[in-house]
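Participant: coordinates for the following, if possible.
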Amino acid sequence: MMWLAALFAFCLYPLASRLVKRWKPLKKLWWLPYVILAVAIFALSAAPLPFGWGTVGGLAAKIVKWPMGLLAGWWDISVAWIAGPLLVLVIIAGLLDLFADKKADGFARIMLITAPVLALIATGPIASGTQEVVDTVGGVGPAVVEKVNGS
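Facilitator: You can find the predicted model right below:
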């Protein structure tokens with residue numbers, strides 16, 4: 001289901017961008033395309049992968065965590081101690097860029113892409129629990145539809 005939400009939001013983003021630029025009454029909603037893009041990226045990061053590989057965001061967090069772990073090993077600290085402050089810096093830079101020109105470009109787009117992955121890394125042991133909850137909720141969808149349809 002998260003794949004469908006991500007696909008819908010990614011398809012809706014260009015339409016919302018054009019409407020906000022061209023239609024006068026929607027000029028005040030400059031933030032709408034950015035929110036739609038955020039929904040698309042967060043839905044994509046929670047989208048389950050086949051073969052029990054977890055989610056897209058969980059896999060990306062594992063891939064990014066490895067080089068961060070090498071860096072953290074030099075100072076004998078946890079990867080969460082690197083990802084946490086980095087997440088705060090990325091969010092601050094992204095929001096400053098977003099409010100400066102009111103467009104989802106530059107640091108604002110980098111913030112959208114990296115925030116879910118850095119948040120999963122920064123939570124440390126909480127991330128595995130979050131991953132289990134997302135997998136459970138992702139597995140509930142087809143089962144419920146199957147029960148409702150009576151198949």
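Participant: name the nearest residue to the residue nearest to the spatial centre of the chain, ignoring sequence neighbours.
Facilitator: Centroid-nearest residue in the chain, with CA atoms, centre = their mean: Phe42, separated by 3.0 Å. Residue nearest to Phe42 in three dimensions, not counting chain neighbours: Pro116, with 5.8 Å by CB to CB, 6 or more residues apart in numbering. Where you see a C-beta, it was placed from the backbone N, CA and C, and this is true even at glycine.
Participant: which other helices and strands contact the strand or helix carrying the one you found?
Facilitator: Using DSSP states H and E, the element containing Pro116 is helix 107-122. Judged by 3 or more CB pairs under 8 Å, 6 or more residues apart in numbering; DSSP states H and E, the packing partners of helix 107-122 are helix 32-45, helix 56-75, helix 79-101, helix 126-149.
Participant: recalculate using a threshold of 7 Å.
Facilitator: Under the contact criterion of 3 or more CB pairs under 7 Å, 6 or more residues apart in numbering; DSSP states H and E, helix 107-122 touches helix 32-45, helix 56-75, helix 79-101.
Participant: may I see those helices arranged in CSV, with distance to Tyr13 and mean pLDDT as well?
Facilitator: Below are the helices and strands packed on helix 107-122 laid out as CSV (distance: least, CB to CB, whole Å; pLDDT from 0 to 100):
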stretch, distance to Tyr13, mean pLDDT
helix 32-45, 5, 87
helix 56-75, 18, 82
helix 79-101, 15, 88
